[in-house]
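Student: sequence first, predicted coordinates after that:
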Amino acid sequence: MLKVKVTTVGNSVGIVLPKEALAKLKVGKGDVLYLVEGPEGLTLTPYREDFEQQLDAARKVMRRYRHALRALAK
């Protein structure tokens, strides 16, 4: 467990992540992180679990309706 402190960042409030946390998350300056609410509280993650499911659903729709989508694109 890593301890972080809530601090003022400009006109906002934020936390500063230690290098160890950034390394474990495999993220750096400018990367997007997500706060995901779960049964044990909030989790900070660089990956949204539901994003892959949404992408798969979109691929299926695009494959199934590819001719209609191509016609609409013209």
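Tutor: Thanks, I have the structure now.

Student: CA atoms for contacts and neighbours, from now on please.
Tutor: Fine.

Student: residues in contact with stretch 56-70?
Tutor: Stretch 56-70 is contacted by no other residue when judged by Cα atoms under 8 Å, 6 or more residues apart in numbering.

Student: that one: end-to-end distance?
Tutor: 19 Å (Cα to Cα, to the nearest Å).

Student: these two touch, right, Val6 and Leu17?
Tutor: No: counting by Cα atoms under 8 Å, Val6 does not reach Leu17; the two are 10.2 Å apart.

Student: more neighbours: which of these two?
Tutor: Shown here are Val6 and Leu17; by other Cα atoms under 10 Å, Leu17 has more neighbours (12 against 9).

Student: state the distance from that one to Lys24.
Tutor: Taken as Cα to Cα, the span from Leu17 to Lys24 is 11 Å.

Student: burial of Asp56, as a residue count?
Tutor: 11.

Student: which helix or strand contains it?
Tutor: helix 49-64 (DSSP states H and E).

Student: show the pLDDT at Leu25.
Tutor: For Leu25, the model assigns a pLDDT of 91.

Student: need the contact list for it.
Tutor: 45-46.

Student: how close does it get to Lys74?
Tutor: 42 Å.

Student: do the same with Asp31
Tutor: 35 Å.

Student: same thing with Ile15?
Tutor: 47 Å.

Student: for this protein, what spans make up the strands?
Tutor: For the chain, applying DSSP state E gives strands covering 6-9, 12-15, 34-38, 41-45.
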